[in-house]
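K.L.:
The following comprises the amino acid sequence and a computationally predicted model.
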Amino acid sequence: MNASTIDFPVQMNRNESNAPGQNMQKPNSPEPEAHAIAPATAFQIGKLSVSFGAHTVLKDVSLDIKARSVTAIIGPSGCGKSTFLRSLNRMHELVPDARMTGTIRLFGENIYGPEIDPVVVRRRVGMVFQKSNPFPTMSISENVTVGLRLNGIRNKGILQERLEKSLKMAALWDEVKDRLNAASTSLSGGQQQRLCIARALAVEPEVILMDEPASALDPLATTKIEELILDLKKDFTIVIVTHNMQQAARISDQTAFFYLGELVEYAATRKIFTNPSVKQTEDYVTGRFG
Amino acid sequence: MGRWASVPPASAGPFQNLGMKTKDPGGDAGFSQDTGVKSPWDSIFKWFTFLMAMSVIALIFLVGYELFKSSRLSISKFGWRFLVSSDWDPVAEQFGALPFIFGTLVSSLIALIIAVPLSIGTALYLTELAPVWVRAPLAFLVQLLSAVPSVILGLWGIFVMVPWLRENLFPWLRSAFGFSPLFQGPIYGVSILAGGIIIAIMILPIITSVSREIIRSVPGLQREAAYALGATRWEVTRIAVLSYAKKGLFGAVILGLGRALGETMAVTMVIGNRPEIAKSLFAPGYTLASVVANEFAEATTEIYLHALFEIGLVLLGVTVLVNALAQLLLRAFGGSGVKA
């Protein structure tokens, strides 16, 4: 599959110049000035409840997620953290009998508004999954640019530029620059996950959701992903679900603790891990239950 | 804190409930290796399965040999001319298989052209788009189509389809595409095109149900990856589903082609059974399978009987050859697809 076979441009009008994701910078580059004008809140979530059929997964969750920071979602299995993450880009709607009530605003705009197409929401809010899922029939470069080509971008120069930029941001460029046309499946597990991150970055989303992005990786690959996340928060808002307490403590600025579908506590990460206000949170982060 | 390390990874999300099978590509690596523990049952099992596999191959060779033995008179008399001659004159004892080879290949090709888009479209609808409650009943109905006996389909072909083709479709085709030699000439109804349409109906269920299984086996994570990039439903189908499944879908088509080449009864009833090579699809034709079925009872001379056996041998050869070609094609062009 090459660029010329893709002929389904989707109209989009998300290229407003002040969208936070627009100002993509190479990691470690000098502080971009755009920081100053960035709105402080990416998501405002009010009384969010989600159910699948008769099963209620999230109950009355309200919280604000800061822009250009890392927010970790922790909690035991089945507490609704994955569903919470998926409701932020309307991925949970792919389950046929999903229902939600409440509001989610992204930079002030209601993403569940009647006139909002979930496809457009997902272009603004990218996602990286627990298991790396590059498209196996596509090469490394095709994987990165597939989102752009879906947007109708066919200009080789632009594609090439974004390809390089995204791979550099995902800290993968040096490892693959000599074999961009190799099969994506020829990469190692950790590389494949970074390729998926590059693929999400290439469409310049405003927010990146990560659903346990390192849980299937070895410690070395995990470290690379964590360093990458710390770099990316300069330009993107990151919400990460993790099972790994130390990981949440290492990389996040805020932490939300979910239990049985409810938000138990949401505060600065340092506070959650050193001086939580709720007993349940303390029990969980110290390993007394889970 | 150490105990957190042993927490198993959480579920991959609600998508796990959709019944899609995820294949672990590296999961079976350890099983073929010698574990060092020798059990007599292991080698018994191995030889037993080996024997089973070999008996299938032996059967094919046996059939080929029997056909060859029973057609030796015809082979020695006509040689390679049998394959390129268009004469089929039992009275003058002149036999050539070319019109039948032509009829078989062309009617099968027509069948594929009609059946492949229909089947894959149906399979996509059944797996990706249809409301959950219609999926199983609809799949069952498609399966039911394959349960219709060939001869019943042939009767329907003679009394319903062929008159309809003669009165409606064929005249329309001739007026719309008459500039092409394919759609010129007198219309009888019974024709190579009618044969192709009947075969298409007969191979539709097999291609549909195999395609459906293949599309269902595309991991849900592939679809999610495309959705998360902001792909529409069609885009998800194209970049995540079809490209992942294309190799398997090609296999489904080949399976259908194998069936098409050997279809006999229904085709015999609508194709017209005239051994000639015509440019027009409206003209009658004849297939290898049809001539064997039709003329076996009246093959009174020994050479006639041997010629019919040679037709059977040619049919076997054509089927094997087409399948081999398809495998080569798959290797040459479908190499980037994922094995299903």
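P.N.:
Arrived safely, thanks for sending.

K.L.:
which residue packs closest to the closest residue to chain B within chain A, ignoring adjacent ones?
P.N.:
Among the residues of chain A, A:Arg123 lies closest to chain B, at 3.3 Å counting by C-beta to the nearest C-beta. Glycine gets a C-beta too; all of them are placed from N, C-alpha and C. The shortest distance from A:Arg123 to any residue that is not its chain neighbour, by C-beta to C-beta, 6 or more residues apart in numbering or on different chains, is 3.3 Å, and that residue is B:Gly230.

K.L.:
can you check B:Pro284 too?
P.N.:
B:Pro284's closest residue in space is B:Gly272 (C-beta to C-beta, 6+ apart), at 2.4 Å.

K.L.:
State the distance from the one you found to B:Ala111.
P.N.:
Distance of B:Gly272 to B:Ala111, computed by C-beta to C-beta, to the nearest Å: 16 Å.

K.L.:
Looking at these two, which is more packed in?
P.N.:
B:Ala111 (27 against 23; other C-beta atoms under 10 Å in any protein chain shown).

K.L.:
Now the more buried one: which helix or strand?
P.N.:
helix B:98-124 (DSSP states H and E).

K.L.:
buried residues in that helix?
P.N.:
When neighbours are counted by 16 or more other C-beta atoms under 10 Å in any protein chain shown, the buried residues of helix B:98-124 are found to be B:98-108, B:110-112, B:114-116, B:119-120, B:122-124.

K.L.:
For the stretch 101-250 of chain A, which segments count as strands?
P.N.:
Per DSSP state E, counting those that start in this stretch, the stretch 101-250 of chain A carries strands over the ranges A:109-110, A:125-128, A:207-211, A:237-241.

K.L.:
among those strands, which gets the worst mean confidence?
P.N.:
Ranked on mean pLDDT, the bottom entry among these is strand A:109-110, at a mean of 90.

K.L.:
Could you check it against chain B for contacts?
P.N.:
No - between strand A:109-110 and chain B, judged by C-beta under 8 Å from any C-beta of the partner chain, nothing touches; the nearest distance is 15.7 Å.

K.L.:
Quick check: residues of the stretch 1-150 of chain A near chain B?
P.N.:
Where proximity means C-beta under 8 Å from any C-beta, the interface of the stretch 1-150 of chain A facing chain B comprises A:1, A:8, A:10, A:52, A:77, A:81-83, A:86, A:89, A:91-92, A:94-96, A:98, A:119-123, A:126-127, A:129-131, A:133-138, A:146-147, A:150.

K.L.:
Try it again at 6 Å.
P.N.:
By C-beta under 6 Å from any C-beta of the partner chain, the residues of the stretch 1-150 of chain A that approach chain B are A:77, A:82, A:95, A:119, A:122-123, A:127, A:130, A:133, A:136-137, A:147, A:150.

K.L.:
Just the buried residues out of these, in PyMOL syntax.
P.N.:
Once 16+ other C-beta under 10 Å is used to decide burial, the buried members of these can be selected in PyMOL as follows:
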select buried, chain A and resi 82+95+119+122+123+127+130+133+136+137+147+150
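
K.L.:
average pLDDT for the helix or strand hosting A:Tyr284?
P.N.:
A:Tyr284 belongs to helix A:279-285 when assigned by DSSP H and E. The pLDDT scores in helix A:279-285 average 91.

K.L.:
Mind listing residues that contact it?
P.N.:
By C-beta atoms under 6 Å, 6 or more residues apart in numbering or on different chains, the list of residues contacting helix A:279-285 from outside reads A:Met245, A:Phe257, A:Val264, A:Glu265, A:Phe273, A:Pro276, A:Phe289.

K.L.:
just for chain A, where's the confidence low?
P.N.:
Counting by pLDDT under 70, chain A contains low-confidence residues at A:1-39, A:290.

K.L.:
could you pull out the helices for it?
P.N.:
Taking DSSP state H as the criterion, chain A carries its helices at A:81-87, A:118-124, A:140-150, A:156-169, A:173-176, A:189-202, A:219-232, A:245-251, A:269-274, A:279-285.

K.L.:
Tell me which of these lies nearest to B:Phe250.
P.N.:
Proximity to B:Phe250 (C-beta to C-beta) singles out helix A:140-150 among those, at 20.5 Å.

K.L.:
neighbours around the residue in the stretch 101-250 of chain B that chain A sits nearest to, how many?
P.N.:
Of the stretch 101-250 of chain B, the residue with the smallest distance to chain A, taken as C-beta to the nearest C-beta, is B:Gly230 at 3.3 Å. Other residues within reach of B:Gly230 by the criterion other C-beta under 10 Å amount to 26.

K.L.:
Contact partners for it?
P.N.:
If you count contacts by C-beta under 6 Å, 6+ apart, B:Gly230 has them with A:Val119, A:Arg122, A:Arg123.

K.L.:
got the residues of the stretch 101-250 of chain B near chain A?
P.N.:
By C-beta under 6 Å from any C-beta, the part of the stretch 101-250 of chain B that sits against chain A consists of B:Leu221, B:Ala225, B:Ala228, B:Leu229, B:Gly230, B:Ala231, B:Thr232, B:Glu235, B:Ser243.

K.L.:
and those residues as a markdown table, adding pLDDT and secondary structure?
P.N.:
Conversion of these to a markdown table gives the following (pLDDT from 0 to 100; DSSP: H, G, I helix; E, B strand; the rest coil):
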| residue | pLDDT | secondary structure |
| --- | --- | --- |
| B:Leu221 | 92 | helix |
| B:Ala225 | 93 | helix |
| B:Ala228 | 93 | helix |
| B:Leu229 | 92 | coil |
| B:Gly230 | 89 | coil |
| B:Ala231 | 91 | coil |
| B:Thr232 | 90 | coil |
| B:Glu235 | 92 | helix |
| B:Ser243 | 90 | helix |
